[in-house]
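S.K.: Generate coordinates for the sequence data below:
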Amino acid sequence: MAKIWYNISTNESEENGMNPFRHLMCAGVLILGLTGCSAATKKPMATKSPNDSITYEKGADFTGVVKSVDTEQKKISFYNVLLEEDEEYEYSGGTRIYSENDRDMSISEVQLGEVYDIYQSEQGLKVVKMKQTEDITEQEEVRVSVNQDEKQLTVADVTYAYTDHLVVLSEGRQIQPMEITPSDEVTFRGVKGRAYSLVVTKGHGYIEPTKYSDFLGGQLTVQGEAILPIGENMLLTVPEGTQTISMVNGDLTGEASVLVKRGQVTKVNMKQYQSQMPDTGRVKFEIEPEGAELYINGTLTDYSKRVSLKYGNHSIRVVLEGYNEYSGIITVKDAGPTCRINLAEEKAEVASEDDNTANSSVSEKDSSDSDKTSSSTVKTDSEHKITISTPTGAAVYLNGTYKGEAPCSFIKVLGNVTVTLTKEGYTTKSYTIEISDDSKDVNWSFPDLEKKSSNGSG
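M.R.: Numbering: from 1, shown residues only. Now for the predicted structure:
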């Protein structure tokens, strides 16, 4: 206090004869001012860690779906589900990789489509730690249906939303969701209500039957499941692996075992597998005038193609309004007879002429097999059409049936359909699409086909 006072008492005001008491009051004021100033400028003390024995670690920077791993460049790319972006990072031998139950993993164990919590370096350029994300729904060898318009997909009767960044991989390549057919098997990963990735584990290829004109109008079966009417220029989308293709037309049968590779077209010459059932003839009926009805053994029969009949006698009846009815017996005793009936005359004339045909080969199938096949009912909207604009020049197949070269239009088919596009020198592609009965025309433009490489792959 004396020091403060000294400083005040020796200032210029004292020399001018000011009252020393006033100096004391001023000193008091100064003391209070200095004290208040000291309290205002005091710095806060840092709080110590509540428990020095606990190690505090930052959380993951983001959740990522593995899109590719480059072991040569030591780079790994992810789909960042938080930012909705694709990102690439470096990794090293020091990058720690863990399973969801904290088992140490190597980079060779990281699978495309898997979901990880990602920890970056401070600079954000490298991955220092990866751990499989917990609470991820993962289902293997399942089939998926895709609703492109609603951006939804259904797995095991559960529907998930997806975005344009959904990771969809087939043999390591990114594909579109609608390129997955209903027969493909996939590994699905996602969380409640949202899909993260689809990896095709068993895809599809194509069978192109050739030299099968004798089977036209009959039934085709693939692996005992897909039953289709046999038409011209067929291209079948089938699961990869060994498949059995069967054709039946009356007494004529053909069956081949085919190895189908993913994304590739396999041609099958059905002529070399063709065989005819024993003791059965394929009768050709030539009836005039057109429009007459043919009944064989009391059953109305389509005679636009050859009719399979067992060797022996069969009753036939031919009727047409305005013409004399014909009734009689036909005896089948060889493989390919022709029966001509002309109702134009007052008395019908019947001639039987044997064709020169090769001996029938024995088939293990019984003729009753043809009665077991039936084609699925296809619903159409004849007042509207489907137009496919691109890729220009590509052959267009709808559910295996040729529709023309793009651009082309045809009657609108309803329900779940498979559109296949093929062109010489390019990789064949299929798209599965749901067509609704909305009384509207449908217009599609598909991406250009990829050129095949020199080794024949896409």
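
S.K.: mind listing the helices in the stretch 1-150 of the chain by residue range?
M.R.: Read by DSSP state H, counting those that start in this stretch, the stretch 1-150 of the chain holds these helices, from start to end of the chain: 2-9, 12-15, 20-40.

S.K.: quick one: average confidence on the shortest one?
M.R.: Summarised as a single mean, pLDDT over helix 12-15 is 40.

S.K.: who touches the strand or helix carrying residue 430?
M.R.: According to DSSP states H and E, residue 430 maps onto strand 429-435. By CB atoms under 8 Å, 6 or more residues apart in numbering, the list of residues contacting strand 429-435 from outside reads 145-148, 176, 178-182, 204, 206, 237, 386, 412-422, 442, 444, 446, 449. C-beta: built from backbone N, CA, C; applies to glycine.

S.K.: one more time with 7 Å
M.R.: 146-147, 178-182, 204, 237, 412-421, 442, 446, 449 (CB atoms under 7 Å, 6 or more residues apart in numbering).

S.K.: which of the residues you listed count as buried?
M.R.: Taking 16 or more other CB atoms under 10 Å as the criterion, what is buried in the contacts of strand 429-435 is 146, 178-181, 204, 237, 412-413, 418-421, 442, 446, 449.

S.K.: Excluding chain neighbours, give the residue nearest to residue 264 in space.
M.R.: What sits nearest to residue 264 in space, not counting adjacent residues and going by CB to CB, 6 or more residues apart in numbering, is residue 205, at 5.1 Å.

S.K.: So the one you found, which state does it fall into?
M.R.: Recorded secondary structure, residue 205: strand (DSSP: H, G, I helix; E, B strand; the rest coil).

S.K.: circling back to that earlier point, please identify the buried residues of the strand holding residue 430?
M.R.: Neighbour counts over strand 429-435 (16+ other CB under 10 Å) mark 429-433 as buried.

S.K.: roughly how far is that strand from the heart of the chain?
M.R.: Centroid separation for strand 429-435 versus its chain: 8 Å, with CA atoms, centre = their mean, to the nearest Å.

S.K.: Neighbouring strands - and their directions - for that strand?
M.R.: strand 415-422 (antiparallel) (DSSP bridges).

S.K.: Any chance you could list what contacts the strand it pairs with?
M.R.: 181-182, 206, 235, 237, 265, 379, 391, 394-399, 428-435, 446, 449.

S.K.: could you redo the last one with a cut-off of 8 Å?
M.R.: 145, 181-182, 206, 235, 237, 265, 378-379, 388, 391, 394-400, 406, 428-435, 444, 446, 449.

S.K.: now it: mean pLDDT?
M.R.: Mean per-residue pLDDT for strand 415-422: 91.

S.K.: Could you export it as CSV, CA atoms only?
M.R.: The C-alpha trace of strand 415-422 is given here as CSV (Å, rounded to 0.1, in the frame of the first residue of the first chain):
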residue,chain,number,x,y,z
GLY,A,415,-45.8,-59.0,-66.8
ASN,A,416,-42.2,-59.8,-66.2
VAL,A,417,-40.3,-60.1,-69.4
THR,A,418,-36.7,-60.7,-70.5
VAL,A,419,-35.3,-58.6,-73.4
THR,A,420,-32.2,-60.0,-75.0
LEU,A,421,-30.0,-58.0,-77.4
THR,A,422,-27.4,-59.6,-79.6
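
S.K.: coming back round to it: who does the residue nearest to residue 264 bridge with?
M.R.: Applying DSSP bridges to residue 205 yields these beta-bridge partners: residue 238.

S.K.: distance of the residue nearest the centre of the chain from residue 429?
M.R.: For the chain, the residue nearest the mean C-alpha position is residue 180 (0.7 Å; CA atoms, centre = their mean). With the distance defined as CB to CB, to the nearest Å, residue 180 ends up 12 Å from residue 429.

S.K.: do the same with residue 142
M.R.: Distance, residue 142 to residue 429, by CB to CB: 23 Å.

S.K.: on that earlier part again, which residues sit in contact with the residue nearest to the centre of the chain?
M.R.: Contacts for residue 180 (CB under 8 Å, 6+ apart) come out as 144, 146, 168, 186, 198, 200, 432.

S.K.: Turn those residues into JSON lines, columns for pLDDT.
M.R.: Compiled in JSON lines, these are given as follows (pLDDT from 0 to 100):
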{"residue": "144", "pLDDT": "94"}
{"residue": "146", "pLDDT": "92"}
{"residue": "168", "pLDDT": "96"}
{"residue": "186", "pLDDT": "97"}
{"residue": "198", "pLDDT": "97"}
{"residue": "200", "pLDDT": "97"}
{"residue": "432", "pLDDT": "91"}
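
S.K.: Generate a markdown table for those residues, with distance to residue 325 as supplementary columns.
M.R.: Rendered in a markdown table, the data for these read as follows (distance: CB to CB, whole Å):
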| residue | distance to residue 325 |
| --- | --- |
| 144 | 58 |
| 146 | 57 |
| 168 | 64 |
| 186 | 61 |
| 198 | 63 |
| 200 | 61 |
| 432 | 51 |
